[in-house]
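Chemist: Take a look and give me a structure for this.
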Amino acid sequence: MNDLAPLLTPEGRALLDEVRGTAPADELAVATRLRRDHPAELVSAALGQARLRQRAAAKFGEEDAGRMFFTPNGVEQSTRASVAAYRAERLRALGVTSLADLCCGIGGDAIALARAGIRVLAVDRDPVTAAAARANAEALGLADLIEVREADVMEVDTAGWDAVFVDPARRGGRGRIFDPEAYSPPLSWAVRAARTAPHAALKVAPGIPHEAVPADAEAEWISDGGDVKEAVLWFGTAPGAVRATLLPGPRTLLGRGLPDPEVRPVGRYLYEPDGAVIRAHLVAEVAEELGGGLIDPTIAYVTSDERHESPYATAYRITDELPFNVKKLKALLRERGVGTLTVKKRGSAVEPEELRRKVKPSGPHSATVFLTRVAGAPTMLIGAPAAQPTTGAGPS
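Modeler: Predicted coordinates for the structure are as follows:
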């Protein structure tokens, strides 16, 4: 996987077509057969690329992934296509027609930007990664809009571009990097680069401390299908604004600087805010929308006595509130015939799988148990998603 060039030859492309969709269990037999007519290294590279394409389908869709070229890091670190398309549309709506994509990786964001009609300079210093980005632009018919340059992004002149996008590397030899100044390039450099253009977007880890967000930036946390994917620092939009955006949609919740919600007893309904809402510190905005309060000042669960619809939180109907006690929970679940148990936790050290092993759920019914704190006390809240029947999960 250190050299894509052989796969870009007619022989390499033909091999890629032949091994498309090969199941892991069949790889040895396929490799043995193909090595009779092709170099062993090329066969291995083609099978490796086929595996990467299969993994990448979750991010890029089967059609695009089946034509693109990937590196192992590229699959792991690239932006999900739905998120990249949303960001590209925001930039297009800002009037951006040209953009410097610094740390472009295998070109996932550049592809979305080009499809939005934006001309892109895609830069990466790794030769194999840059080659993958170039091959992907060509494979998807976007080479006219994407110029790929192998270079150190810190040496690229971004003058003359409508916008800058920076996606610093946030993984090192020991895994994820949590200190923004340990990104490659560091966040402080990316911020300076952002300020050279009329508009800019910096992709950062969703766990970035709020105090690390520059005063002249807008901070946006994005989730897709309920999973928090990233945070973006926007320049040239709304300095100081905070938003949570949920995909598909998009649905965007803007911060209004509300004070923390009041703490109140657990009501008939519990609401679990989307992760992007929690990361953006916008639980108060959701609580106001739902007419609810918190169950604990440190826990991001909202409760109310009324059922409300909100795209920013999932509603559960609560049937039982018990002090934390595994034996009592086991007895209650046995009495209710609960065999399908969803365990959620917030503010509890107990692991869901550990609890599930101890209570040994068995029966035809389902329930959700929340391991949390209520007014500081370890508590179990039992219920079910409000949109589903609660038969067998407790009294109505």
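
Chemist: which SSE is the residue lying closest to residue 289 once chain neighbours are set aside in?
Modeler: Excluding its sequence neighbours, the residue lying closest to residue 289 (Cβ to Cβ, 6 or more residues apart in numbering) is residue 310, at 5.7 Å. From N, CA and C alone the C-beta is placed, and that goes for glycine too. If you go by DSSP states H and E, residue 310 is not part of any helix or strand.

Chemist: And the strands in the stretch 1-150 of the chain, which stretches?
Modeler: Under the criterion DSSP state E, counting those that start in this stretch, the stretch 1-150 of the chain contains strands at 98-102, 119-124, 146-150.

Chemist: Next, format the ones you listed as a markdown table and append distance to residue 62, mean pLDDT and mean neighbour count.
Modeler: Shown next, in a markdown table, are the strands of the stretch 1-150 of the chain (distance: least, Cβ to Cβ, whole Å; pLDDT from 0 to 100; neighbours: other Cβ atoms under 10 Å):
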| stretch | distance to residue 62 | mean pLDDT | mean neighbour count |
| --- | --- | --- | --- |
| strand 98-102 | 25 | 97 | 26 |
| strand 119-124 | 24 | 97 | 24 |
| strand 146-150 | 22 | 97 | 19 |
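
Chemist: Relative to residue 182, which of the ones you listed is closest?
Modeler: Between residue 182 and those, the tightest spacing by Cβ to Cβ is seen for strand 98-102, at 17.4 Å.

Chemist: Neighbouring strands - and their directions - for that closest one?
Modeler: If you go by DSSP bridges, strand 98-102 pairs up with strand 119-124 (parallel), strand 163-166 (parallel).

Chemist: mind checking how far the longest one is from the chain centre?
Modeler: Once both centres are worked out by Cα atoms, centre = their mean, to the nearest Å, strand 119-124 turns out to sit 23 Å from its chain's centre.

Chemist: got a list of what the residue nearest to residue 308 when sequence neighbours are not counted touches?
Modeler: Among residues not flanking residue 308 along the chain, residue 290 sits closest, at 4.8 Å (Cβ to Cβ, 6+ apart). Residues in contact with residue 290, defined by Cβ atoms under 8 Å, 6 or more residues apart in numbering, are 271, 302, 304, 308, 310, 313.

Chemist: Now do residue 290 against residue 246, distance only.
Modeler: Going from residue 290 to residue 246 by Cβ to Cβ, to the nearest Å gives 16 Å.

Chemist: For the residue nearest to residue 223 when sequence neighbours are not counted, which three-state class applies?
Modeler: Nearest non-adjacent residue to residue 223, counting by Cβ to Cβ, 6+ apart: residue 276, 3.9 Å away. Applying DSSP: H, G, I helix; E, B strand; the rest coil to residue 276 yields a three-state assignment of helix.

Chemist: For the remainder of this discussion, apply numbering that starts at 24.
Modeler: In the new count, where the first residue is 24, that last one comes out as residue 299.

Chemist: Mind listing the residues bridging to residue 292?
Modeler: Applying DSSP bridges to residue 292 gives these bridge partners: residue 327, residue 340.

Chemist: Just give me the neighbour total for it.
Modeler: 20 (other Cβ atoms under 10 Å).

Chemist: My read is that it contacts residue 338, right?
Modeler: Yes. If you go by Cβ atoms under 8 Å, residue 292 and residue 338 touch, sitting 5.6 Å apart.

Chemist: Give me the common contacts of these two.
Modeler: Taking Cβ under 8 Å, 6+ apart as the criterion, residue 292 and residue 338 both touch 330-331, 409.

Chemist: What about these, which are in strands?
Modeler: Members of the shared contacts of residue 292 and residue 338 lying in strands (criterion: DSSP state E): none.

Chemist: Which of the residues you listed ranks first by neighbour count?
Modeler: residue 409 (18 neighbours).

Chemist: what sits against the residue lying closest to it once chain neighbours are set aside?
Modeler: Computed as Cβ to Cβ, 6+ apart, the closest residue to residue 409 that is not its neighbour in sequence is residue 338, at 3.9 Å. For residue 338, the contacting residues are 292-294, 330-332, 408-410, by Cβ under 8 Å, 6+ apart.

Chemist: now do 7 Å
Modeler: Listed by Cβ atoms under 7 Å, 6 or more residues apart in numbering, the contact partners of residue 338 are 292, 294, 330, 409.

Chemist: Rebuild these as TSV, extending it with distance to residue 57 and pLDDT.
Modeler: TSV is the format used below for the contacts of residue 338 (distance: Cβ to Cβ, whole Å; pLDDT from 0 to 100):
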residue	distance to residue 57	pLDDT
292	59	97
294	55	97
330	59	93
409	54	92
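
Chemist: Mind picking the two most distant members of the residues you listed?
Modeler: Of all pairs in the contacts of residue 338, the most separated under Cβ to Cβ is 294 and 330 at 9.8 Å.

Chemist: On the pLDDT front, check the most centrally placed residue in the chain for me.
Modeler: For the chain, residue 252 is the residue whose C-alpha lies nearest the centre (Cα atoms, centre = their mean; 1.8 Å). In this model, residue 252 is scored at 95, pLDDT.

Chemist: and the stretch of helix or strand it belongs to, which residues are buried?
Modeler: Assigned by DSSP H and E, residue 252 belongs to strand 250-258. In terms of neighbour count (16 or more other Cβ atoms under 10 Å), strand 250-258 has its buried residues at 251-258.

Chemist: Outside of that strand itself, list whatever touches it.
Modeler: Under the criterion Cβ under 7 Å, 6+ apart, residues 103, 106, 110, 217-218, 222-229, 231, 236, 239-246, 298-299, 302 lie in contact with strand 250-258.

Chemist: contacting residues for the nearest residue to residue 163 once chain neighbours are set aside?
Modeler: Leaving out its chain neighbours, the residue that sits closest to residue 163 by Cβ to Cβ, 6+ apart is residue 134, at 6.0 Å. Contacts for residue 134 (Cβ under 7 Å, 6+ apart) come out as 159, 163, 165.

Chemist: Please name the nearest non-neighbouring residue to residue 118.
Modeler: residue 185 (7.3 Å).
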